[in-house]
Each structure stands twice: as structure tokens, then as C-alpha cells.
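Visitor: return a 3D structure for these sequence lines:
(one chain, ligands or ions: 2)
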Amino acid sequence: MTEALIVIDMQNDFCPGGALGVPEGDSLVAAINARMADFGAVVVTQDWHPAGHASFASSHPGAKPMDVMEMPYGPQILWPDHCVQGSAGARLHADLNADRADMILRKGYNPALDSYSAFFENDHRTPTGLHGYLQTRGITEITLVGLALDFCVNFSAVDAAQLGYDVRVEAALCRGIDAHGSMDAALAGMRAAGVTLV
Ligand code: VGL
Ligand code: ZN
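Guide: Ligands and ions are numbered 1, 2, ... in the order given. Below you'll find the predicted structure:
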């Protein structure tokens, strides 16, 4: 039985000094690399937005980062420009052992729609293809680590649990942003969805 480690968004822009730096984000790299050896499959995800993406505050006149805006698919936090396709900030952290990844999944490339989850875009309907990939490999158990615990890790974990995977989130190998009470909501939401938090 193959178990997959899914490493979420370990990119320069989510590390300290990046456009949307998560405190201590870079401190996880060595431990995540070491953890890869314990899994039969490793998937690495990359937030990958076109310039002018709808989730950027700069795309909406008068808006500023961390404002909340009503989108056709629901409320959306507006972010500083980050993980722009091809930019240095969008690159995976240089020390992350991406060579070990069986698959690198990019998400958030739809200009009008954000994608926190590695499984579905923020309309909760448009698939990224990861479910098909894992299914065809016969993978039913996944462990999630990375950034940010309260956004992309959280949405990925809840979607995975709803899709029927056995899901673990290793909180020690995650760090969060905590905007608008997102950390408490994420922890409660993951538990309610049946995610095992360790
Ligand atoms: C993320 C905010 C915006 C994440 C991505 O990786 O958690 N957060 N885009
Ligand atoms: Zn993003």
C-alpha cells in the first residue's frame, strides 16, 4: 500500500522575506526533506498565479492586502502579489528536495479563481487533477505538510477527507498565516472533517 506525502507550497514567497512570508516557513525544509524517505510517493505543490490574478489586492482598485472581497465563488481574502508564474518568488525553496517528487502540481493558474486546495479550486468544483493522479496510483492514505497551515494545507486536507482519503496533517511540519481568525477556524474545520492532526 503506497502512502503519499504531499508537500504544500514550500516556495520562496511563503518564506520569510517573501511577498507573503509565513513566519518560520523556511525552518521546515530540512525536516520535510528527511520525512520524504518514509513515503512511497511524494507530491510537491506550487502556487502558480498569472500576473494580475484576481486574488491579488493590486488587481482591485482601492483594495489592500488582507481585505476580504466577495467573489462569484464566495468571500476571498486579497493577498499581496505572490507566486507569479516564472518569478523567483514562485520557485520552490532552493533546499527543498524537489528531486524526490514524483509529481509537481501547480495550482492557482486560473486568472479569475484562486486555488488554496491541491484538489479543487476555490469554487470547490474545478478539479486540479490530483485526485485522479492519486486514484490511478492506488493511493488512499496521505500526509500533508507545508505552507500555509490555515490556507492551502487546511483546504487540501478537508477536500482530501471529503474525497475519502485517510488524511493526516503534521502540524510540526506546517506554519500558518493566521488572518481573520483563520488558524482557529482551520484547526476546527480539519477536525470536523475527520482529518488526523498530529
Ligand atoms: C496560500 C494564500 C494565498 C497558501 C496561497 O499556500 O497557503 N495562501 N495563496
Ligand atoms: Zn496564492
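Visitor: packing partners for the helix-or-strand element of the chain with minimal mean pLDDT?
Guide: Of all helical and strand segments in the chain, the minimum by mean pLDDT, DSSP states H and E falls on strand 74-77, at a mean of 91. When contacts are defined as 3 or more C-beta pairs under 8 Å, 6 or more residues apart in numbering; DSSP states H and E, strand 74-77 sits against strand 68-71. Where you see a C-beta, it was placed from the backbone N, CA and C, and this is true even at glycine.
Visitor: ok, residues contacting the least confident helix or strand of the chain?
Guide: For strand 74-77, the external contacting residues (C-beta atoms under 8 Å, 6 or more residues apart in numbering) are Ala54, Ser55, Met66, Asp67, Val68, Met69, Glu70, Asp114, Asn122, Ala179, His180.
Visitor: in its sheet, what does it sit against?
Guide: When sheet partners are counted by DSSP bridges, strand 74-77 sits next to strand 68-71 (antiparallel).
Visitor: list the neighbouring strands of the lengthiest strand in the chain plus their orientation.
Guide: Secondary structure of the chain per DSSP state E: the longest strand is strand 166-175. Strand 166-175 sits in its sheet next to strand 141-147 (parallel), strand 196-197 (parallel), going by DSSP bridges.
Visitor: so for that strand, mean pLDDT?
Guide: For strand 166-175, the mean per-residue pLDDT is 98.
Visitor: which positions in that strand come out as buried?
Guide: Neighbour counts over strand 166-175 (16 or more other C-beta atoms under 10 Å) mark Val167, Arg168, Val169, Glu170, Ala171, Leu173, Cys174, Arg175 as buried.
Visitor: which of the strands paired with strand 166-175 is buried the deepest?
Guide: strand 141-147 (a mean of 25; mean count of other C-beta atoms under 10 Å).
Visitor: quick one: name whatever helix or strand follows it.
Guide: Sequence order places helix 154-162 as the next helix or strand after strand 141-147, per DSSP states H and E.
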